[in-house]
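In: no sequence for this one, just the structure:
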């Protein structure tokens, strides 16, 4: 898959050059805001890798990450962790 190298480079740029390795589990679905546990940085990283591994290209990856709330804002926080 030729797009996978581009997708990994895209994720590295978004993560500030952090090394990414492996595809692990994804964060579980939240039941209610009051009882919802925080999504950890590691869960977000692994979810982003799972999205990247299934993406066709950089644009597809960027759109999916944004739709899932996995794209960091200017402060480096992802919507899924709010």
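Out: Here it is on my side, so go on. Source: prediction; values computed, not measured.
In: for residue 73, what are its contacts?
Out: residue 79 (Cβ atoms under 8 Å, 6 or more residues apart in numbering). For glycine as for every other residue, the C-beta is placed from the backbone atoms N, C-alpha and C.
In: what's the pLDDT at it?
Out: For residue 73, the model assigns a pLDDT of 91.
In: Does residue 47 touch residue 69 like I think?
Out: No. At 9.5 Å, residue 47 does not count as touching residue 69 under the criterion of Cβ atoms under 8 Å.
In: neighbour-wise, which of the two wins?
Out: residue 47 (22 against 14; other Cβ atoms under 10 Å).
In: Residue 80: neighbour count?
Out: 16.
In: what ranges of the chain fall below the confidence cut-off?
Out: Along the chain, segments meeting pLDDT under 70 span 1-3, 16-37.
In: again, 50 this time
Out: 1, 18-23 (pLDDT under 50).
In: Spell out the residue ranges of the helices in it.
Out: Using DSSP state H, the helices of the chain run over residues 3-14, 41-54, 58-67.
In: okay if I get those as TSV plus distance to residue 75?
Out: TSV is the format used below for the helices of the chain (distance: least, Cβ to Cβ, whole Å):
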stretch	distance to residue 75
helix 3-14	14
helix 41-54	14
helix 58-67	16
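In: what's the closest of the ones you listed to residue 81?
Out: Nearest to residue 81, of all the helices of the chain, is helix 41-54, at 6.5 Å by Cβ to Cβ.
In: Many thanks, have a good one.
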